[in-house]
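**Student:** with the input below, show me the fold.
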Amino acid sequence: MLYLVGLLFLLIAVMLGWEVNRRLSQQENRHDATPEAIEEFDEAMDRIEERDERKGR
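**Tutor:** Next comes the predicted model:
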C-alpha cells in the first residue's frame, strides 16, 4: 500500500515539474519577441478588431 502511495506522489511530482517547465518555456518565448514582431502583432489585432466592427460584432 505504501508503495502505491509513493508512486502516486512521484506521478504528481513529475506532472507538476512538467507543467512548470512548460510555463517557463512559454515565458522565454515571450521575451524572445522583437519589438518589430510585437508591433506587427498589435497592428494585426487592430485590423481584426476593425473588421469585426464593420461586420457588426
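**Student:** state the helix or strand in which the spatially most central residue of the chain lies.
**Tutor:** By CA atoms, centre = their mean, the chain has its centre lying nearest to Gln26, at 5.1 Å. According to DSSP states H and E, Gln26 maps onto helix 2-31.
**Student:** again, but for Arg47
**Tutor:** Element membership of Arg47, judged by DSSP H and E, is helix 35-55.
**Student:** again with Ala33
**Tutor:** Per DSSP H and E, there is no helix or strand for Ala33.
**Student:** would you quantify the distance from Leu53 to Asp42?
**Tutor:** Check again: residue 53 is Glu, not Leu. Distance, Glu53 to Asp42, using CB to CB, to the nearest Å: 17 Å. C-betas here are computed from N, CA, C, even on glycine.
**Student:** before we move on, what about Ala13?
**Tutor:** Using CB to CB, one obtains 40 Å as the distance from Ala13 to Asp42.
**Student:** now Asn21
**Tutor:** From Asn21 to Asp42 the distance is 29 Å (CB to CB).
**Student:** hang on, the earlier thing: hey, C-alpha coordinates of the helix holding Arg47 in CSV?
**Tutor:** Listed next in CSV are the C-alpha coordinates belonging to helix 35-55 (Å, rounded to 0.1, in the frame of the first residue of the first chain):
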residue,chain,number,x,y,z
PRO,A,35,9.8,45.0,-30.8
GLU,A,36,9.1,44.7,-34.5
ALA,A,37,7.2,41.4,-34.1
ILE,A,38,5.2,42.9,-31.2
GLU,A,39,4.3,45.9,-33.3
GLU,A,40,3.2,43.7,-36.2
PHE,A,41,1.1,41.6,-33.9
ASP,A,42,-0.6,44.7,-32.4
GLU,A,43,-1.3,46.0,-36.0
ALA,A,44,-2.8,42.7,-37.0
MET,A,45,-5.0,42.7,-33.9
ASP,A,46,-6.2,46.2,-34.7
ARG,A,47,-7.1,45.1,-38.3
ILE,A,48,-9.1,42.2,-36.9
GLU,A,49,-10.9,44.5,-34.4
GLU,A,50,-11.7,46.9,-37.2
ARG,A,51,-13.0,44.1,-39.5
ASP,A,52,-15.2,42.8,-36.7
GLU,A,53,-16.6,46.3,-36.0
ARG,A,54,-17.5,46.6,-39.7
LYS,A,55,-19.3,43.2,-39.6
